[in-house]
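A.B. asks: Structure for this input, please:
(one chain, ligands or ions: 2)
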Amino acid sequence: MDLSTVLTAIPFYRQDKEGNPAITSIENDHRLVTEGSIFICIQGFTFDGHTATKEAVENGAAAVVAERPVDVSVPVIYVRSTKRAMAQLAAHFYGHPTDSFHLIGITGTNGKTTTSHLIEEILRASGETTGLIGTMYMKIGDKMIETKNTTPESLTLQKTFAYMKQAGVSSAVMEVSSHALQEGRTNGTQFNVAVFTNLTQDHLDFHRTMEEYRAAKGLLFARLGNSFHASAPAYAVLNADDAASAVYEAMTAAHVVTYGIEKKADIQAKDIQLTSEGTAFTIHYPGGVIQIHSKLAGLFNVYNMLAAFAAGFVSKITPDTMKQALERVSGVAGRFELVPNESGVSVIVDYAHTPDSLINVLETVRPLTKGRVIVIAGCGGDRDKTKRPLMAQAACKYADEAIFTSDNPRSEDPVSILTDMKSGVSGEAYTVIVDRKEAIHRAIALAKPGDSVVIAGKGHETYQIIGQEVIHFDDREVAKEALADKKGGFA
Ligand SMILES: CC(=O)N[C@H]1[C@@H](OP(=O)(O)OP(=O)(O)OC[C@H]2O[C@@H](n3ccc(=O)[nH]c3=O)[C@H](O)[C@@H]2O)O[C@H](CO)[C@@H](O)[C@@H]1O[C@H](C)C(=O)N[C@@H](C)C(=O)N[C@H](CCC(=O)O)C(=O)O
Ligand SMILES: Nc1ncnc2c1ncn2[C@@H]1O[C@H](COP(=O)(O)OP(=O)(O)OP(=O)(O)O)[C@@H](O)[C@H]1O
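C.D. replies: Numbering: from 1, shown residues only. Ligands and ions are numbered 1, 2, ... in the order given. All right, here's what the predicted structure looks like:
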């Protein structure tokens, strides 16, 4: 379903008893302004809302929020950051909807989507009416809504929360990106639980340094437990094995619950077995131990399950309920997703698009593979360039055969992205095939029974962004096609 169809269906008019004009909506797109809207001017990458105030007023704006002088006939509220002001205004306009349900936020470089799905399953199993906001979609109960961002901009976010409240959601889980925290998209949102997965290199185009990146994620914990609206204690759920957790622990007013494998933690996994069927381990929690047999592969997924268990634990969900929920999850789309086939080659589509996640996936595949590991990796255009050589290094070091290819080049020349990747490796063997479809076909053509082919980067995505064009592209479909086409069979 289209997001705007859902959101425009909800009237949230605020009337003023003293005769002031009723504010009918808050808009950051002048084309959506109607009689009584507040228009918020946002300076974007392609458009500056400050240049559209005249049109916004012609469309009926009752007031304008701006960062720089604008010349209009209606009241103007000047603020330092219109994005942050928008978050607070939106939360207020929609009546602070997050006060009405239990909200769990997840931040970290990797594992947010997986952990949020595990938590959603746990919440459902405990009888909650659930909401989910994340990279793949938003969900209200079983209703799916498309999304553009991992964490939507604040207007969309607060409207969505209001819709969740109206739909009777009792517990929700959401991914909170560092971009969103930095821009204040979640200001005005009340989290009951904040979960940290891990911090490794990514997004340095936006945050510039790892310190800034870490600090941006810290905003989720710094604000936790400080809300005027808070009616219940807040919990920070931190990964004891990640160094950033100590920083977040020091800055939060919330109760801290840790999880981990290596260092001592409140929620601890022990006796871990990684098998071709998935993972088996025990979780030691305050007051008990429980055995988990999961279909999810890889040590990183043990961390994700621990994070979800810890979030459920502080949400007062019983360990037995959580066990049932965790054991039911067979996978999350595009995360270590196996492409079914009879050839004896394991073909895995995975969303790994950071050096750390690529290493994790390849390390997981290695012991499960009798033959060679062949990887296809690329890097997105208009995004963090510093990770390109590191992705190439990871591919060459952890696989037997590496093919570098395109992965959403956007406005950049795919060849120059691949050149950046190649700068990270010298002496190692790799192949460069610019066309992703051809690269997948080549990898599968090379594979013999017992080999694994890891197609990294795009996971659940069903498109490729080339220049301004968004073309249909699904790694899973192309892999199936290549498996069917393989000339000479798999002998
Ligand atoms: C690079 C970036 O942050 N872009 C975001 C930005 O787009 P933009 O700057 O191009 O916006 P713009 O088109 O210039 O418009 C600026 C303003 O003018 C308004 N406008 C525009 C046109 C017009 O005629 N009239 C008008 O009033 C727009 O409504 C907007 O308020 O503003 C849009 C609306 O809020 C966002 O959807 C968009 O996020 C894009 C999709 C994006 O990819 N963002 C990335 C950086 C991001 O946020 N990623 C994180 C993390 C992902 C991860 O963990 O991997 C995320 O949370 O998604
Ligand atoms: N806990 C983890 N630690 C390291 N890598 C992980 C972890 N969980 C998943 N991964 C790897 O990272 C990839 C992305 O996982 P997931 O989508 O859950 O993370 P994410 O944080 O939501 O990513 P994004 O912010 O880019 O949407 C997976 O396909 C897997 O390769």
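A.B. asks: Can you tell me who E175 pairs with across the strands?
C.D. replies: Counting by DSSP bridges, E175 is bridged to I106.
A.B. asks: From the structure, what's the count of residues near it?
C.D. replies: By the criterion of other C-beta atoms under 10 Å, E175 has 25 neighbours. All C-beta spots, glycine's among them, are computed from the backbone N, C-alpha and C.
A.B. asks: now swap in V65 and tell me
C.D. replies: For V65, the neighbour count with other C-beta under 10 Å is 23.
A.B. asks: ok, and for the one helix or strand E249 maps to, which residues are buried?
C.D. replies: Here E249, judged by DSSP states H and E, is contained in helix 244-251. For helix 244-251, the neighbour count (16 or more other C-beta atoms under 10 Å) marks A244, S245, V247, Y248, E249, M251 as buried.
A.B. asks: mind listing what the residue lying closest to the second one once chain neighbours are set aside touches?
C.D. replies: Same thing as S245. Take S245 and drop its neighbours on the chain: the residue closest to it by C-beta to C-beta, 6 or more residues apart in numbering is L238, 3.9 Å away. L238 makes contacts with F196, S245, Y248, E249, V256, V257, T258, Y259, as judged by C-beta atoms under 8 Å, 6 or more residues apart in numbering.
A.B. asks: can you map out the helices along the stretch 351-491 of the chain?
C.D. replies: Ranges of helices within the stretch 351-491 of the chain are 355-365, 387-398, 414-422, 436-446, 475-485, based on DSSP state H, counting those that start in this stretch.
A.B. asks: Can you tell me what sits against the first one?
C.D. replies: By C-beta under 8 Å, 6+ apart, the list of residues contacting helix 355-365 from outside reads 109-110, 198, 200-201, 274, 297-300, 336, 346, 348, 350-352, 373, 375, 377, 387, 390-391, 393-395, 397-399, 452, 454, 456.
A.B. asks: Surely E262 touches D242?
C.D. replies: No. Counting by C-beta atoms under 8 Å, E262 stays clear of D242, with 10.0 Å between them.
A.B. asks: What residues does this protein have near ligand 2?
C.D. replies: Residues of the chain lying near ligand 2 by C-beta under 6 Å from any ligand atom: 110-114, 135, 150, 175, 197-198, 300, 303-304, 335, 350-352, 356-357, 360-361, 459.
A.B. asks: mind redoing it with 5 Å?
C.D. replies: 110-114, 135, 300, 303-304, 335, 350-352, 357, 360-361 (C-beta under 5 Å from any ligand atom).
A.B. asks: among these, which are in strands?
C.D. replies: Among those, the ones falling in strands (DSSP state E) are D350.
A.B. asks: quick revisit: could I get the helices of the stretch 351-491 of the chain in TSV, plus columns for mean neighbour count?
C.D. replies: TSV is the format used below for the helices of the stretch 351-491 of the chain (neighbours: other C-beta atoms under 10 Å):
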stretch	mean neighbour count
helix 355-365	23
helix 387-398	22
helix 414-422	18
helix 436-446	20
helix 475-485	19
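A.B. asks: Burial check on the residue in the stretch 1-150 of the chain that ligand 1 sits nearest to, number of neighbours?
C.D. replies: Nearest residue of the stretch 1-150 of the chain to ligand 1: G44, at 2.1 Å (C-beta to the nearest ligand atom). Residues contacting G44 under the criterion other C-beta under 10 Å number 9.
A.B. asks: So for it, what pLDDT did the model give?
C.D. replies: For G44, the pLDDT comes out at 92.
A.B. asks: ok, T130 - contacts?
C.D. replies: By C-beta under 8 Å, 6+ apart, the contact set of T130 is E120, L123, R124, K139, G141, V169, S170, S171, A172, V173.
A.B. asks: That one: what's its closest spatial neighbour, skipping adjacent residues?
C.D. replies: Leaving aside its sequence neighbours, T130 sits nearest to L123 (C-beta to C-beta, 6+ apart; 4.8 Å).
A.B. asks: What residues sit buried inside the host helix or strand of that neighbour?
C.D. replies: Secondary structure assignment for L123, by DSSP H and E: helix 112-125. Buried residues in helix 112-125, counted by 16+ other C-beta under 10 Å: 112-125.
A.B. asks: how far out from the middle of the chain is that helix?
C.D. replies: 13 Å (C-alpha atoms, centre = their mean, to the nearest Å).
A.B. asks: Dump it to CSV, restricted to CA.
C.D. replies: Output in CSV follows, covering the C-alpha atoms of helix 112-125 (Å, rounded to 0.1, in the frame of the first residue of the first chain):
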residue,chain,number,x,y,z
LYS,A,112,18.9,-3.4,13.0
THR,A,113,16.5,-4.9,10.5
THR,A,114,17.1,-8.5,11.6
THR,A,115,16.7,-7.6,15.3
SER,A,116,13.6,-5.6,14.7
HIS,A,117,11.9,-8.5,13.0
LEU,A,118,12.9,-10.8,15.9
ILE,A,119,11.5,-8.4,18.4
GLU,A,120,8.3,-8.0,16.4
GLU,A,121,7.9,-11.8,16.5
ILE,A,122,8.5,-11.8,20.2
LEU,A,123,6.0,-9.0,20.8
ARG,A,124,3.4,-10.8,18.7
ALA,A,125,4.0,-14.0,20.5
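A.B. asks: for the record, mean pLDDT for that helix?
C.D. replies: Helix 112-125 shows a mean pLDDT of 97.
A.B. asks: name the helices or strands packed onto it?
C.D. replies: The helices and strands touching helix 112-125, judged by 3 or more C-beta pairs under 8 Å, 6 or more residues apart in numbering; DSSP states H and E, are strand 102-107, strand 130-133, strand 171-175, helix 299-314, helix 319-328.
A.B. asks: what's the closest of these to ligand 1?
C.D. replies: Across the helices and strands packed on helix 112-125, ligand 1 has its closest neighbour in strand 171-175 (7.6 Å, C-beta to the nearest ligand atom).
A.B. asks: Does anything pack onto that closest one? Which helices or strands?
C.D. replies: Packed next to strand 171-175, using 3+ C-beta pairs under 8 Å, 6+ apart, are strand 102-107, helix 112-125, strand 130-133.
A.B. asks: Distance to I145 added to those, as TSV?
C.D. replies: Output for the helices and strands packed on strand 171-175, formatted as TSV (distance: least, C-beta to C-beta, whole Å):
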stretch	distance to I145
strand 102-107	17
helix 112-125	14
strand 130-133	9
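A.B. asks: okay, E262 and D242: which has more neighbours?
C.D. replies: Using other C-beta under 10 Å, the more surrounded residue of E262 and D242 is D242, with 20 against 9.
A.B. asks: my guess is the more buried one meets L199, correct?
C.D. replies: Yes. When contacts are counted by C-beta under 8 Å, D242 is listed as touching L199 (6.1 Å).
A.B. asks: before we move on, back to that, including mean pLDDT, could the helices of the stretch 351-491 of the chain go into JSON lines?
C.D. replies: Converted to JSON lines, the helices of the stretch 351-491 of the chain look like this (pLDDT from 0 to 100):
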{"stretch": "helix 355-365", "mean pLDDT": "95"}
{"stretch": "helix 387-398", "mean pLDDT": "97"}
{"stretch": "helix 414-422", "mean pLDDT": "97"}
{"stretch": "helix 436-446", "mean pLDDT": "97"}
{"stretch": "helix 475-485", "mean pLDDT": "95"}
